[in-house]
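Enquirer: Build me a model:
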Amino acid sequence: MKLFQLHYFCTACAYRSVTRAAEALHVSQPAVSMAIQALENEFGVRLLDRGERGFVLTPDGEFFCREARAILSRTALLAGAMEERRRLGAASLRFGSTPMAGAGFTQDLFRALGAGRSPLSVNLVEGGRPRLLQLLDDGLIDFAFVATRELPPDKYACIDLRDSEIVFCVHPSSPLAQLETIDSAAQIGGEPLAFFSDEFYLAGLLHDFFKKEGLAPNIIARAAQIFTVIQFVRSGTASAFLNRDAAAEFADIVAIPLREPISLKLGFVWKKDARAAELEPVIRSLASQLGGAS
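Expert: Numbering: from 1, shown residues only. Prediction:
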């Protein structure tokens, strides 16, 4: 069994036609037919019932198609992960940041990196805090700019750099735009919300904000990029929770503070290991330039 055979078979299933699959794959029709026949011969089952007007999948074919698609999906994810490892490994300094934490900050970091130093090859990775911590654990990034709360001190070192206040952001035309503060989750009611994906630390804090009052947020969209979330607010399609620094970049949205603030400590985090020991002076120097305690 070869991956290309699975690919050919699944493409034929998607089109319900060997001819159309061959056209989509830019190969000959016999090549697709031979790949499917080879799979049938290998496993000793019929995958297709062939007729004059094409084919239908047999029960074995339905099962095989479902499992083959799962394998191809995992293969694509693995290929992406290996490409990320290759790309990250090529950098002399590998840095991660959550999208919202990094808004308005990463440019300051890159300016600091260039101050008084020979040029560094720097690779920036964005993602949720769990993913970035996993990349730290795997040695694929050197340090990250994330929320520093509730990190095991025996595993990670950190330097707090700034406080991040979470504000509720709405379009100026929203009736909520007239509020001075958001006093409760109930006040937001069924307001359509654009949320960050659950992989982000902030998402968990906001779910807790609603759960305290026995409510669930009316989430109409989830995103991994801050500008996607902001575009929902700017268009008036949804409201969102953002940090104040990010919201301040956009004059066409209204940021409303929470009466009981949700705030995060953001800072540099790195793993306590031999590689980090070499880079720690660089990390602490950067933190000092950016306003953190050294």
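
Enquirer: Now do the helix or strand harbouring residue 231: which elements does it pack against?
Expert: Using DSSP states H and E, residue 231 sits in helix 226-234. Packing partners of helix 226-234 (3 or more Cβ pairs under 8 Å, 6 or more residues apart in numbering; DSSP states H and E): strand 156-170, strand 193-196, strand 219-223, strand 240-243. For glycine as for every other residue, the C-beta is placed from the backbone atoms N, C-alpha and C.

Enquirer: now with 10 Å?
Expert: helix 99-102, strand 156-170, strand 193-196, strand 219-223, strand 240-243, helix 244-247 (3 or more Cβ pairs under 10 Å, 6 or more residues apart in numbering; DSSP states H and E).

Enquirer: what's the angle between that helix and strand 219-223?
Expert: Put simply, helix 226-234 runs at 150 degrees to strand 219-223, going by axes from the mean of the first three to the mean of the last three Cα atoms, to 10 degrees.

Enquirer: number of nearby residues for the residue nearest to residue 181 when sequence neighbours are not counted?
Expert: Nearest residue to residue 181, sequence neighbours excluded (Cβ to Cβ, 6 or more residues apart in numbering): residue 259, at 4.5 Å. Burial measure for residue 259: 11 neighbouring residues, criterion other Cβ atoms under 10 Å.

Enquirer: I'd say residue 259 and residue 167 touch.
Expert: No - Residue 259 lies out of contact with residue 167 (Cβ atoms under 10 Å); the separation is 11.6 Å.

Enquirer: Low-confidence ranges, the stretch 1-150 of the chain, go.
Expert: Within the stretch 1-150 of the chain, the segments meeting pLDDT under 70 span 81, 84-92, 101-107, 110-122.

Enquirer: can you pull the buried residues of the strand or helix carrying residue 55?
Expert: Under the criterion of DSSP H and E, residue 55 resides in strand 54-57. Buried residues in strand 54-57, counting neighbours by 16 or more other Cβ atoms under 10 Å, are found at 55, 57.
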